[in-house]
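Participant: Generate coordinates for the sequence data below:
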Amino acid sequence: MRVPLLNHLMAWGVRLTVPRRRVGVALVLLNRDRQVLLLRHVFHPAVPWGLPGGWLNRRETPAAGAIRELREETGLSADLGSVVHIDGEARPDHIAIAYVGYSDQPEKIRLSPEIIEAAWFDANQLPTPLNPFVQKAIQAALAEERAI
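Facilitator: Residues are numbered from 1 along each chain as shown. All right, here's what the predicted structure looks like:
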């Protein structure tokens, strides 16, 4: 490994042989009343309600991606908390990372064209059906919130 050419060849070998998966991020956004923001997405007709989120851009950190997606989809900003859930998803094949976040301006929502509707929900009145990842992320975020 002391030979630069071998280091270069090894880097290319890794690129060619190590599997890659897309990474998606989501944000469980809570307001002062511990309500969860859910968005009704244009591109998800079978399970329309979900969390703000999307795919990471090249070389973007998951935290930056979660904040960017929230801003793009709702115009909101948030104080980002910790990662509350990570899982592998099959359709499409990707790794999904969910953060908890807090908004102090929940009334200033400005929807992007890919979002039909946004609403704040009490934890015991969430719409159905929800994607299992979304359910687990919300449960984990609310459990963390209760522990604080």
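Participant: which residues touch the spatially most central residue of the chain?
Facilitator: For the chain, the residue sitting closest to the mean C-alpha position, by C-alpha atoms, centre = their mean, is Ala26 at 1.0 Å. For Ala26, the contacting residues are 50-53, 66, 69, 96-99, 133-134, 137, by C-beta atoms under 8 Å, 6 or more residues apart in numbering. Every C-beta, even on glycine, is put in place using the N, C-alpha and C of the backbone.
Participant: what sits up against the strand ranked longest in the chain?
Facilitator: Counting residues, the longest strand found in the chain (DSSP state E) is strand 79-89. Residues outside strand 79-89 that contact it (C-beta under 8 Å, 6+ apart) are 21, 24, 27-28, 62-63, 66-67, 94-104, 133, 136-137, 140-141, 144.
Participant: Just the ones of these in helices?
Facilitator: Pro62, Ala63, Ala66, Ile67, Phe133, Lys136, Ala137, Ala140, Ala141, Glu144 (DSSP state H).
Participant: any idea how far the last one is from Ala137?
Facilitator: Here the criterion is C-beta to C-beta, to the nearest Å. By it, Glu144 lies 11 Å from Ala137.
Participant: cool, and Glu114?
Facilitator: 20 Å.
Participant: So for these two, which residue has more residues nearby?
Facilitator: Neighbours per residue (other C-beta atoms under 10 Å) separate Glu114 from Ala137, with Ala137 holding more: 29 against 13.
Participant: Quick check, that one in contact with Ala98.
Facilitator: Yes - counting by C-beta atoms under 8 Å, Ala137 does reach Ala98; the two are 3.6 Å apart.
Participant: can you list residues touching both of these two?
Facilitator: Ala26, Val28, Leu51, Val84, His85.
Participant: excluding its backbone neighbours, what's nearest the third one?
Facilitator: What that stands for is Leu51. Closest residue to Leu51 apart from its sequence neighbours, by C-beta to C-beta, 6 or more residues apart in numbering: Ala26 at 4.1 Å.
Participant: and if you look at Ala140?
Facilitator: In space, Ala140 is closest to Val84, 4.0 Å off (C-beta to C-beta, 6+ apart).
Participant: ok, how many other residues are close to that neighbour?
Facilitator: Residues lying near Val84 (other C-beta under 10 Å) number 23.
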